[in-house]
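>>> output the structure for:
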Amino acid sequence: MRVLLTTYGSRGDVEPMAGLALALQELGAEVRVCAPPDFAELLDAAGVRPLPVGRPIRALATGLLADEAPKTLPEITAELAGMAYEAVTTAGEFDAVVSAGVIGMQAGVQAAAEKRGIPYTGASFSTNFVPSPHHPPVPWPGQSVPEGETDNRVLWDLNAEHLQGLFGPPINTLRASWGLEPSDNVRDLILGDHPLLASDPVLGPWRPATDLDVTQTGAWIRPDERPLPAGLEAFLEAGAPPVYVGFGSMPLHDAEQTGRAAFEAVRGHGRRIVLGSGWAELVPDGGSDDCHVVGEINQQALFRRVAAVVHHGGAGTTTTAARAGAPQVIVPQVADQPYWGGRVAALGIGAVHDGAVPTTASLSAALVTALSPEACTRAAAVAGTIRADGARTAAKLVLRGAG
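Down below sits the predicted model:
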């Protein structure tokens, strides 16, 4: 059985696909992962065959390609969909395709699978990207919602209309050029008939909706057995557990202010810091020896050794911290990150910051909650409930659907 996995986005979009790829390989499938070229080395090191597609996502996110990349949403969508379509149609023979990531990419993948007659499965890593009467959709920039409207079914209908207006014209122009019928609901087109929800049922619970056949598999976790670097090990051993501060692939609204607030707030609690520099390229505040800077690292191992994790609230980081039993402070920036912050607060395993740019006082207050005995006890309890079999569960479903 040959399976093609596709995604376009940050590391948080690629890591789950690597986890699913490994699970599929363990079940005997031949797998390739179509992802941005930034992650070819990561996938190769994980034992997964990469198929680079599109422009480097980090360069796009940080503005390094501002002069050459498409500027408007229709142009961006058309480029991504076209590149994805070409990648899938020229990637060789496959028995199944699974796609996640940005809408333009998924639309091109779905079209290629439809054209070739290959079973297609859409996937989401966050519960609130999947329509349900039990929760509202993620708010989209530029979308107007009637004041006071709280009916989730209405909100999801408005969501579909808004996404169709944004993405429908460029996608349907391409579908026509590929000899395919137009779609009047791009959102549901890329989700597919039987979407997979790759989020943990404790962290991001899904309540079944009668009009959508969704399977919640649990998060797709890539096992990471890499040892921590010797310098970090020495730092961890030299004192009490530090606080990890890192925002992954988020450029951040104000990196300088966020970094300064983090250092002052953590130090105000008498804690040392492990700083994940990330795409925002955060740097230590001063020359003190109470901070150790790390780049790409085994977070599964590190988070078991820290007092708390301050981060942006990506689905993957939230799951990794919860699974490690580390209390969290989420400073959400975009998209589904406020949702994950809300879930962390609701579960009592940390706090969500109100707003994307913290002050020393606001972040210090959030750390009071996260570092409390109650949050530490609750985080340890929740850690034992996080599923570790999500990728294998999904792999079995994909192979069953392709068989």
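>>> from now on I want contacts and neighbour counts done on CA atoms only, so please keep to that.
Will do.
>>> now the strands for the stretch 1-150 of the chain?
2-6, 30-35, 49-52, 96-99, 120-124 (DSSP state E, counting those that start in this stretch).
>>> for the stretch 151-300 of the chain, same thing?
196-197, 215-216, 243-246, 273-276, 291-294.
>>> so which of the strands of the stretch 1-150 of the chain comes closest to residue 311?
Distance to residue 311, taken as CA to CA, is lowest for strand 120-124 among the strands of the stretch 1-150 of the chain, at 20.7 Å.
>>> tell me what the closest one is packed against?
Applying 3 or more CA pairs under 8 Å, 6 or more residues apart in numbering; DSSP states H and E, one finds that strand 120-124 contacts strand 96-99, helix 103-116, helix 186-191, strand 196-197.
>>> tell me which residues are up against the shortest one.
Strand 196-197 is contacted from outside by 121-127, 130, 214-218, 394, using CA atoms under 8 Å, 6 or more residues apart in numbering.
>>> closest to residue 145 out of those residues?
Closest to residue 145 out of those is residue 130 (18.4 Å), distances taken as CA to CA.
>>> what about that closest one, how many residues nearby?
Residues near residue 130, counting by other CA atoms under 10 Å, number 24.
>>> OK, contacts around it?
124, 137, 197.
>>> that one and residue 386, how far apart?
Distance of residue 130 to residue 386, given as CA to CA, to the nearest Å: 21 Å.
>>> do the same with residue 54
Distance, residue 54 to residue 386, by CA to CA: 34 Å.
>>> what pairs with the nearest residue to residue 124 once chain neighbours are set aside across the strands?
Once flanking residues are discounted, residue 124 sits nearest to residue 197: 5.1 Å by CA to CA, 6 or more residues apart in numbering. Beta-bridge partners for residue 197, by DSSP bridges, are residue 124, residue 216.
>>> residues in contact with residue 58?
Taking CA under 8 Å, 6+ apart, one finds 10, 38, 249, 279 in contact with residue 58.
>>> just the pLDDT for it.
Per-residue confidence for residue 58 comes out at a pLDDT of 81.
>>> now residue 68
69.
>>> just checking, residue 97 touches residue 1?
No - Residue 97 is beyond contact range of residue 1, at 11.3 Å (criterion: CA atoms under 8 Å).
>>> between the two, which one's more packed in?
residue 97 (25 against 15).
>>> and the more buried one, how close does it get to residue 53?
Per CA to CA, residue 97 is found 15 Å from residue 53.
>>> report the helix or strand with the lowest average pLDDT across this structure.
When the helices and strands of the chain are compared on mean pLDDT, DSSP states H and E, helix 57-61 comes out lowest with a mean of 77.
>>> so where is the stretch 51-200 of the chain shaky, pLDDT-wise?
Low-confidence segments of the stretch 51-200 of the chain, defined by pLDDT under 70: 61-62, 64-69.
>>> could you dump the strands of the stretch 1-150 of the chain into TSV with distance to residue 75 added?
Output for the strands of the stretch 1-150 of the chain, formatted as TSV (distance: least, CA to CA, whole Å):
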stretch	distance to residue 75
strand 2-6	21
strand 30-35	20
strand 49-52	20
strand 96-99	21
strand 120-124	23
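>>> from one end of stretch 32-51 to the other, what's the distance?
End-to-end distance for stretch 32-51, by CA to CA: 7 Å.
>>> contacts only, for residue 275.
244, 245, 246, 282, 283, 284, 291, 292, 293, 294.
>>> looking at the strands of the stretch 1-150 of the chain, which is closest to residue 21?
Using CA to CA, the nearest of those to residue 21 is strand 30-35, at 6.2 Å.
>>> who touches the closest one?
For strand 30-35, the external contacting residues (CA under 8 Å, 6+ apart) are 1-9, 14, 17-18, 21, 24-25, 43, 48-54, 87.
>>> and what of stretch 139-150?
Stretch 139-150 is contacted by residues 155, 158, 159, 162, 335 when judged by CA under 8 Å, 6+ apart.
>>> quick one: buried residues of it?
Across stretch 139-150, burial judged by 16 or more other CA atoms under 10 Å covers residue 139.
>>> could you do stretch 363-376 as well?
Buried residues in stretch 363-376 (16+ other CA under 10 Å): 363, 364, 366, 367, 368, 369, 370, 371, 375, 376.
>>> of the residues you listed, which belong to helices?
Residues of the buried residues of stretch 363-376 located in helices (DSSP state H): 363, 364, 366, 367, 368, 369, 370, 375, 376.
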